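> Here is a sequence together with a model predicted from it:
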Amino acid sequence: MPKVLVADKINEKGVEVLEGSAEIVNNPKITPEELLKTIDQYDGIIVRSRTKMTKEVIENAKNLKIIARAKREAGFPNSKIMEMLI
């Protein structure tokens, strides 16, 4: 099962939808330092505007397959994000 980090606050319903398809780590207060140290553990990450996916973070993201940016009314269902991870 893919492991996905929710690195910013998103609607709880969105987290619930994802929980059926992946191991979700909901850590909306992760620091840039923590993110850099742990990003290699994740297959996917969901961010909004607080978390910055810097070049250094991406270079350390050895297992990352998708970066998803959550926003209101994005028109892209979470189920489609999970299909891309599988």
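Cool, the structure landed.
> what are the ranges of the strands in this protein?
3-6, 23-26, 44-47, 66-69 (DSSP state E).
> Now the first one: buried residues?
For strand 3-6, the neighbour count (16 or more other C-beta atoms under 10 Å) marks Val4, Leu5, Val6 as buried. The C-beta positions use only the backbone N, C-alpha and C, and glycine is treated the same way.
> Deepest-packed of the strands of the chain, please.
Highest mean neighbour count among the strands of the chain (mean count of other C-beta atoms under 10 Å): strand 44-47, with a mean of 24.
> Report the separation between the nearest residue to Ile10 once chain neighbours are set aside and Tyr42.
Residue nearest to Ile10 in three dimensions, not counting chain neighbours: Ala70, with 4.8 Å by C-beta to C-beta, 6 or more residues apart in numbering. Distance of Ala70 to Tyr42, given as C-beta to C-beta, to the nearest Å: 15 Å.
> re the thing from before, mean pLDDT for the strands of the chain: which is lowest?
Lowest mean pLDDT within the strands of the chain: strand 66-69, a mean of 90.
> who does that strand pair up with?
strand 44-47 (parallel) (DSSP bridges).
> List of residues touching the partner strand?
Here strand 44-47 makes contact (C-beta atoms under 8 Å, 6 or more residues apart in numbering) with 2-8, 10, 18, 22, 39, 51, 53, 61, 64-70, 81, 85.
> Determine the number of other residues adjacent to Ile30.
Per other C-beta atoms under 10 Å, the neighbour tally for Ile30 reads 22.
> do the one 4 residues further on as well
Under the neighbour criterion other C-beta under 10 Å, Glu34 is assigned a count of 12.
> Thr31 too?
10.
> All set now, cheers.
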